[in-house]
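Colleague: show me how the following folds:
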Amino acid sequence: MMNTVTERQIDALLQEAEIQVETKFDKVTVMLCKLKNGFVITEASGAVDPANYSEKIGVAVCMERIRNKLWELEGYCLQKQVFEKEQTV
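Modeller: Okay, the predicted model is just below:
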């Protein structure tokens, strides 16, 4: 087992995920990311003024936040596996 999380792993998780995007109140992007295992990550990004709102920017911001959460979650999962393996030795 490699003791690292890779960008390739994160990319694979996102490629297999179901992504839903909605605009709410003409100024907020809400993104739901359902991973293959059923876990759902929710993110949102919005503008103060609807005239400044861009769903494209909102999606980019939400996706970056979801990627960052996946790094954290996968890191935790790996650390747990390493810890449990060390405990059995």
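
Colleague: what separates the residue nearest the centre of the chain from residue 89, distance-wise?
Modeller: Central residue of the chain (CA atoms, centre = their mean): residue 66, 2.2 Å from the mean position. To residue 89, residue 66 is 35 Å away according to CB to CB, to the nearest Å. C-beta here means a position set from N, CA and C on the backbone, and glycine is covered the same way.

Colleague: ok, residue 72 next?
Modeller: Taking CB to CB, one finds residue 72 at 27 Å from residue 89.

Colleague: which one's more surrounded, the two?
Modeller: Taking other CB atoms under 10 Å, residue 72 and residue 89 do not tie; residue 72 has more neighbours (11 against 4).

Colleague: buried sites along the helix or strand hosting the more buried one?
Modeller: Here residue 72 sits within helix 55-88, counting by DSSP states H and E. Under the neighbour-count criterion of 16 or more other CB atoms under 10 Å, helix 55-88 has 58, 59, 61, 62, 63, 65, 66, 67, 70, 73, 74, 78 buried.

Colleague: same check, this time on stretch 2-9
Modeller: For stretch 2-9, the neighbour count (16+ other CB under 10 Å) marks residue 5 as buried.

Colleague: contacts for that stretch, please.
Modeller: Residues from elsewhere that reach stretch 2-9 (CB atoms under 8 Å, 6 or more residues apart in numbering): 71, 74, 75, 78, 82.

Colleague: give me the nearest residue to the last one, chain neighbours excluded.
Modeller: What it means is residue 82. Spatial nearest neighbour of residue 82, chain neighbours left out: residue 3 (6.0 Å); criterion: CB to CB, 6 or more residues apart in numbering.
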